[in-house]
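K.L.:
Build me a model:
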Amino acid sequence: MKRLLATLCVTLFFAAMLLFPQAAFQGASLGVLLWFHTVLPTLLPFLIISNLLIHTGAINMISRILAPILCRFFRVSPYGAFVILIGFLCGCPMGSKVAADLLKKDGISEREARYLLSFCNNTSPMFIVSYIIWQNLKVPALTLPLLVILTAAPVMLSFVFRRLYQIPKQGETGNRKFFLQSPGFGNGSGNGSGSLDTCIMNGFETITRIGGYIILFSILISFAGLLPVKPAAFTGFFLPSLEITTGIPMICNAPMSRNMQIMQALALTSFGGWCAAAQTRAMIQGTSLPFLPYIAEKLITALATSLLVWLFLYL
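P.N.:
Residues are numbered from 1 along each chain as shown. Down below sits the predicted model:
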């Protein structure tokens, strides 16, 4: 049944491209421009550098610095602390990619990878401040509180998710002792030009895959604009949730109060959009990490973010 549904969706999408070539072209053009001007320069350097950090001994030094604070607070291993750093600072889907890479190399356990994925795959602060708060919401005075809310929501939920995944307290398990002893990486042997070339090509492969998802979702949004009837729930919630970069302007231009725009925009930012979810699914392919629990956890985070924004704006 699942395979039949996927086949039907792909066939309908192909038929729509044949019937509405102009809409397909406009959507693809918008997706390419978005990828080239925003995603490529923002994400590609982090992809390459994170690969280099994992393939050389640099990740060990960073993990040593982060471990005393993040390991105790989040109950993670030192390499898990590195995932938290990347997941909160570098933007989605970097958190999922680094967690998947470390899981493949036995740097973190499967349980810890699932736990990290539940709260460490977030929109980058640079994108939040410049694009969402300043450029679209146009509330620069609220930059600090809104940024704190978007950070606090996943951090607070990590206390819930750690119980769900039964993450033990620091010192209650021996899985922290493998730090700096995993044979697959971080041993300082991959610092040659060959390793650099591999990291660069891996970064370009990942960013190209992300670009493909952005183009497809941009075409889908373009097709949605051709519908003769657009219910309020469709245009107000579903359509903006497809892709965050195009969804945020839709929310900010919608006929609703400024407070509602802020609340909905931050909820979408914490969720990331379905395009980001598809990118995350691509990043964790080849691992045992499940996708549906990740979606549920991101939706819970979006709900918690909405509640925090409501408390901030109305109380």
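K.L.:
Low-confidence regions, the stretch 151-300 of the chain specifically.
P.N.:
Counting by pLDDT under 70, the stretch 151-300 of the chain contains low-confidence ranges at 170-194.
K.L.:
ranges for the helices of it?
P.N.:
Using DSSP state H, counting those that start in this stretch, the helices of the stretch 151-300 of the chain run over residues 193-224, 232-233, 239-242, 244-252, 258-271, 274-283, 292-314.
K.L.:
Could you list the buried residues of the fourth one?
P.N.:
Along helix 244-252, the positions that meet the burial threshold by neighbour count (16 or more other Cβ atoms under 10 Å) are 244, 245, 246, 247, 248, 250, 251, 252. For every residue, glycine as well, the C-beta is placed using N, CA and C.
K.L.:
on that earlier part again, now the helices of the stretch 151-300 of the chain as JSON lines including distance to residue 117?
P.N.:
Formatted as JSON lines, the helices of the stretch 151-300 of the chain follow (distance: least, Cβ to Cβ, whole Å):
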{"stretch": "helix 193-224", "distance to residue 117": "17"}
{"stretch": "helix 232-233", "distance to residue 117": "29"}
{"stretch": "helix 239-242", "distance to residue 117": "20"}
{"stretch": "helix 244-252", "distance to residue 117": "18"}
{"stretch": "helix 258-271", "distance to residue 117": "14"}
{"stretch": "helix 274-283", "distance to residue 117": "8"}
{"stretch": "helix 292-314", "distance to residue 117": "6"}
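K.L.:
Looking at these, which is nearest to residue 87?
P.N.:
helix 274-283 (11.0 Å; Cβ to Cβ).
K.L.:
other SSEs contacting the closest one?
P.N.:
helix 94-104, helix 193-224, helix 239-242, helix 292-314 (3 or more Cβ pairs under 8 Å, 6 or more residues apart in numbering; DSSP states H and E).
K.L.:
Packing partners of the longest one?
P.N.:
Using 3+ Cβ pairs under 8 Å, 6+ apart as the contact test, the elements touching helix 193-224 are helix 2-19, helix 21-34, helix 40-55, helix 239-242, helix 274-283.
K.L.:
got the CA coordinates for the longest one in PDB?
P.N.:
Meaning helix 2-19. As requested, the backbone C-alpha atoms of helix 2-19 are provided in PDB (Å, rounded to 0.1, in the frame of the first residue of the first chain):
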ATOM      1  CA  LYS A   2       2.800   2.400   0.900                       C
ATOM      2  CA  ARG A   3       4.600   1.700  -2.400                       C
ATOM      3  CA  LEU A   4       1.300   2.200  -4.400                       C
ATOM      4  CA  LEU A   5       0.700   5.500  -2.700                       C
ATOM      5  CA  ALA A   6       4.300   6.700  -3.500                       C
ATOM      6  CA  THR A   7       3.900   5.600  -7.100                       C
ATOM      7  CA  LEU A   8       0.600   7.500  -7.400                       C
ATOM      8  CA  CYS A   9       2.100  10.700  -5.900                       C
ATOM      9  CA  VAL A  10       5.100  10.600  -8.200                       C
ATOM     10  CA  THR A  11       2.800  10.000 -11.300                       C
ATOM     11  CA  LEU A  12       0.600  12.900 -10.300                       C
ATOM     12  CA  PHE A  13       3.600  15.200  -9.800                       C
ATOM     13  CA  PHE A  14       5.000  14.200 -13.200                       C
ATOM     14  CA  ALA A  15       1.600  14.800 -14.900                       C
ATOM     15  CA  ALA A  16       1.400  18.200 -13.200                       C
ATOM     16  CA  MET A  17       4.800  19.200 -14.600                       C
ATOM     17  CA  LEU A  18       3.600  18.300 -18.100                       C
ATOM     18  CA  LEU A  19       0.300  20.100 -17.800                       C
END
